[in-house]
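Novice: Any chance you could fold what I've pasted below:
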Amino acid sequence: MASKAAKLRNKRMRGRPCKEGIARTDGGRISRAAEPGEAPDVLARRTRIRLHGVNENRPNGIREEDASQPEAGTFIGRLKLTGVISAPQYEALIRYQMTRERFLIAINAPDSLATRSGGVMSIPDPESDKKAVAAWEAVLDVIRRAQTYERGNLMGALNFLVSRDEEHHHMVGDLRVVGNALCRHYGIDAMPKSA
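Specialist: This next block holds a predicted model:
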C-alpha cells in the first residue's frame, strides 16, 4: 500500500486528465472552432468551388478533383485547368512572374513581399542584380515587339491577370497572345510532345 505522499507525488507527475471525446487542435488544446476536424485542403477546395464556380456542369469548368490542385488558386492556373491557355503558356507566364519578382528585388522596389530580408536573397549580389535587370529588359523588349503586331493591351493583361491575379475575362485573348510570345522568348516548346 502506497503512502499518502507517494499517491500525491504520482498525481502531480501525471497531470490533469484530458477530457475524452472533445475536438482538439494540432497543439493539443481544446478546439473552439464551430466545425472542427476539417482538413485545410478540403476547406480550400470547397472555397474554390464556391467562389469561382468550379464544377463540371459549367462550360469550360474544371472538375471538382482539380479544385484541390495548386493551380486552381490563381486565375491563370484556373485558365490552364479549363484548357483556355495551354500548359506551355502557363509555364511561360509563371517564368514571367518570377522574372518580374526578381527584377523588383534587384532594384529594391518598395514591395513588402519582394525584399531581401532573410532567405537566399539576403545578401546583395550586384552581378546577379545586373542579370535580373537585363533579363527584365529582354522580357519587356519581347512584349513591346509583340505589341506592335497586336491591337490588344498585352502589358495590361500581364499586369492584371498575372501580377495582380485579378479576373478580367475580356483580357484572356491578350494573355494568350503574350503567352505565345513569352514561350518563344523562354524557349518553351509550344507543341505537346507525343508519347
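Novice: host element of residue 145?
Specialist: Per DSSP states H and E, residue 145 falls inside helix 126-149.
Novice: buried set for the helix or strand just after that helix?
Specialist: Downstream of helix 126-149, the next assigned helix or strand under DSSP H and E is helix 154-157. Within helix 154-157, the residues that count as buried by 16 or more other Cβ atoms under 10 Å are 154, 157. The C-beta positions use only the backbone N, C-alpha and C, and glycine is treated the same way.
Novice: what mean pLDDT does helix 154-157 have?
Specialist: Mean pLDDT, helix 154-157: 93.
Novice: who does whatever helix or strand comes next after it touch, helix- and strand-wise?
Specialist: Heading C-terminal from helix 154-157, the first helix or strand you meet, by DSSP H and E, is helix 172-186. Here helix 172-186 touches helix 75-82, helix 87-106, helix 126-149, helix 154-157, going by 3 or more Cβ pairs under 8 Å, 6 or more residues apart in numbering; DSSP states H and E.
Novice: Who are the packing partners of the helix holding residue 145?
Specialist: Using 3+ Cβ pairs under 8 Å, 6+ apart: helix 126-149 touches helix 87-106, helix 154-157, helix 172-186.
Novice: Can you check what angle separates that helix from helix 87-106?
Specialist: In terms of direction (axes from the mean of the first three to the mean of the last three Cα atoms, to 10 degrees), helix 126-149 departs from helix 87-106 by 130 degrees.
Novice: Mind exporting the C-alpha coordinates of helix 126-149 to PDB?
Specialist: Listed next in PDB are the C-alpha coordinates belonging to helix 126-149 (Å, rounded to 0.1, in the frame of the first residue of the first chain):
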ATOM      1  CA  PRO A 126      25.500  43.200 -57.800                       C
ATOM      2  CA  GLU A 127      26.300  40.800 -60.500                       C
ATOM      3  CA  SER A 128      23.000  38.900 -60.000                       C
ATOM      4  CA  ASP A 129      21.100  42.100 -59.900                       C
ATOM      5  CA  LYS A 130      22.600  43.200 -63.200                       C
ATOM      6  CA  LYS A 131      21.500  39.900 -64.700                       C
ATOM      7  CA  ALA A 132      18.000  40.300 -63.300                       C
ATOM      8  CA  VAL A 133      17.700  43.800 -64.800                       C
ATOM      9  CA  ALA A 134      19.000  42.600 -68.200                       C
ATOM     10  CA  ALA A 135      16.500  39.600 -68.100                       C
ATOM     11  CA  TRP A 136      13.600  42.000 -67.300                       C
ATOM     12  CA  GLU A 137      14.700  44.400 -70.100                       C
ATOM     13  CA  ALA A 138      14.700  41.400 -72.600                       C
ATOM     14  CA  VAL A 139      11.200  40.400 -71.500                       C
ATOM     15  CA  LEU A 140      10.000  43.900 -71.900                       C
ATOM     16  CA  ASP A 141      11.500  44.100 -75.400                       C
ATOM     17  CA  VAL A 142       9.700  40.800 -76.300                       C
ATOM     18  CA  ILE A 143       6.400  42.300 -75.100                       C
ATOM     19  CA  ARG A 144       6.900  45.500 -76.900                       C
ATOM     20  CA  ARG A 145       7.700  43.700 -80.200                       C
ATOM     21  CA  ALA A 146       4.600  41.500 -79.800                       C
ATOM     22  CA  GLN A 147       2.500  44.700 -79.000                       C
ATOM     23  CA  THR A 148       3.500  46.200 -82.400                       C
ATOM     24  CA  TYR A 149       1.700  43.300 -84.200                       C
END
